[in-house]
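> next input, structure requested:
(one chain, ligands or ions: 2)
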Amino acid sequence: MVWVQTKTKSELTLHLQQFSVPYEFPVYFTEGLFHTDNSALVDALCRLETDKRHKVVIFLDDGLSAANPDLLARIDAYVDHHAAYIEMVAPPVLVPGGEKIKSDIHFVEQMQQTLYDYRIDRHSYAIAIGGGAVLDAVGLVAATTHRGVRHIRVPSTVLSQNDSGVGVKNGVNLYGAKNYIGTFSPPFAVLNDIDFVMGLGTRDKIAGMAEAVKVALIRDAGFFDWLEQNADPLATFEKQAMAHLIRRCAELHMHQIGHGGDPFEMGSARPLDYGHWSAHKLEGLTRYHVRHGEAVAIGIALDARYSVLSGLLGAGAETRICFLLEHLGFKLWHPALEKRTAEGTLELMIGLQEFREHLGGELTITLLSDIGIGIEVHQMDTDLVLQSIAWLKARQES
Ligand SMILES: NC(=O)c1ccc[n+]([C@@H]2O[C@H](COP(=O)([O-])OP(=O)(O)OC[C@H]3O[C@@H](n4cnc5c(N)ncnc54)[C@H](O)[C@@H]3O)[C@@H](O)[C@H]2O)c1
Ligand SMILES: [Zn+2]
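Ligands and ions are numbered 1, 2, ... in the order given. Predicted coordinates:
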């Protein structure tokens, strides 16, 4: 801890307290997480105290459970086998999967009550197994119960394995505002099991790939080339190709959080949110009928065309980007892109203002100056946005 004695403008003396807290958490990439000979979960639990039985409560996404009817039995068998290290204080608690769990704050309170009932303390664990929505809600519960109990994430969708699950945020929706209540709170460990992803529905498998295209475009041209070269196996969800996509995408997200200088988003920029300003609005305008990844794919295409029209990106790159997204299975058009308010304002442009408000400070949007290189701008030209929308519309009509 450092004490700095300094003077304010009014010559009052103050003490500026400074300290920093190092964070670290392991991310495992595995398969067959609940096979009894897979040690990943035990290793994660025992990371700080090796010779101890660790108390855990598991919250399990009911959609994941329905798609894997034997999962509960497999978890039971795993826990029995590793009883020297794991004390599962109750059978896994099934919680609503998808946006439902984030849309009613009472679910948060119910889960906090569960942790209270089972006397989960700050050295015990709240484990979330499920999609990004369940991870977000359980993450909030873990971060706020006793001011923070240990939280292990087991993401089960492409999006949650390659993006949200390796991040440091949680949250639920309130007053109709997405992620209005939440915290920045790194997990204790993350366990990515590719087998969960393979059992996902087609639509969710495709949707999660948008984040990989996004992060490749702003950070890693080599990864973008790989995505193009492997578009066929990815479009048919070949396991090896999906595993590589998820791993590289997760690594790039982790690198940004660990080395980007602003893990808790104190500034005005969100460098990894390329294509997201319009995506967030599109999700809301369609009352979440368009999945996050589907909206991001459209947002990527829109901002690629905008980057070209504003002279930042060489012409032709936007077509290449659209081809890849379409090859992976995305549709790059939605009529809500053209929606206007009663006063005639393009709804999407209101999304720009909302994007700024969520972060605070100056509007900061990431565009492209090349494939693999993101560039920040601080204003968007309505006319060029309209031209970009018209271009997307013309493409899908041709
Ligand atoms: N915290 C962050 O940094 C961050 C970042 C991006 C997105 N998110 C949030 O993530 C959420 C979206 O997450 P998502 O895309 O993972 O989807 P999701 O959590 O909404 O799940 C989609 C559906 O799939 C089901 N499901 C989950 N895993 C399954 C599996 N393996 N097999 C079959 N069904 C399964 C769920 O029950 C649900 O019905 C949004 O709420 C979004 O706001 C958070
Ligand atoms: Zn996203």
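> what kind of secondary structure is Asn173 in?
What DSSP: H, G, I helix; E, B strand; the rest coil gives for Asn173 is strand.
> what's the burial count for it?
Neighbours of Asn173 under the rule other Cβ atoms under 10 Å: 21. C-beta: built from backbone N, CA, C; applies to glycine.
> with Asp104 instead?
Close neighbours of Asp104, defined as other Cβ under 10 Å, add up to 15.
> how near is it to Val172?
If you measure Asp104 against Val172 using Cβ to Cβ, to the nearest Å, the figure is 8 Å.
> same thing with Ala66?
For Ala66 relative to Val172 (Cβ to Cβ), the value is 22 Å.
> what residue lies at the spatial centre of this structure?
A centroid search over the chain (Cα atoms, centre = their mean) returns Ser164, at 2.2 Å, as the residue closest to the centre.
> wait, doesn't that residue sit right on Val134?
No. Checked against Cβ atoms under 8 Å, the pair Ser164 and Val134 is beyond contact range at 10.7 Å.
> near ligand 1, which residues of the stretch 201-350 of the chain?
Residues of the stretch 201-350 of the chain found near ligand 1 (Cβ under 6 Å from any ligand atom) are Asp204, His292.
> returning to what we had before: the more surrounded of Ala66 and Val172?
Val172 (23 against 11).
> the more buried one bridge partners, please.
For Val172, the beta-bridge partners under DSSP bridges are Ile181.
> report the separation between it and ligand 1.
9 Å (Cβ to the nearest ligand atom, to the nearest Å).
> does Phe25 belong to a helix or a strand, and which?
Using DSSP states H and E, Phe25 falls within no helix or strand.
> can you list phi and psi of it for me?
Phe25 has phi and psi values of phi -150, psi 140 when expressed as degrees, to the nearest 10.
> could you verify my assumption that it touches Pro187?
Yes. Counting by Cβ under 8 Å, Pro187 is a contact partner of Phe25 at 5.5 Å.
> phi first, then psi, for Asn179.
In terms of degrees, to the nearest 10, the main-chain angles of Asn179 are phi 50, psi 40.
> leaving out sequence neighbours, find the closest residue to it.
Once flanking residues are discounted, Asn179 sits nearest to Gly171: 3.8 Å by Cβ to Cβ, 6 or more residues apart in numbering.
> list the contacts for the spatially closest residue to His276 that is not a sequence neighbour?
Leaving aside its chain neighbours, His276 sits nearest to Gly299 (5.9 Å; criterion: Cβ to Cβ, 6+ apart). Residues in contact with Gly299 (Cβ atoms under 8 Å, 6 or more residues apart in numbering) are Gly275, His276, Trp277, Ser278, Ala279, Leu282.
> mind listing what's buried in stretch 20-36?
Phe25, Val27, Tyr28, Phe29, Glu31, Leu33, Phe34, His35 (16 or more other Cβ atoms under 10 Å).
> wait, a strand at the last one?
Which is His35. No. Applying three-state DSSP, one finds His35 to be coil, outside a strand.
> helices of the stretch 51-200 of the chain, start to end?
62-67, 71-81, 106-117, 132-144, 158-162, 194-198 (DSSP state H, counting those that start in this stretch).
> how about the fifth one, does it reach ligand 1?
Yes. Part of helix 158-162 sits near ligand 1 under the criterion Cβ under 6 Å from any ligand atom, namely Leu159, Ser160.
> quick one: Asp163 from Asn192, how far?
Counting by Cβ to Cβ - Asp163 and Asn192 are separated by 11 Å.
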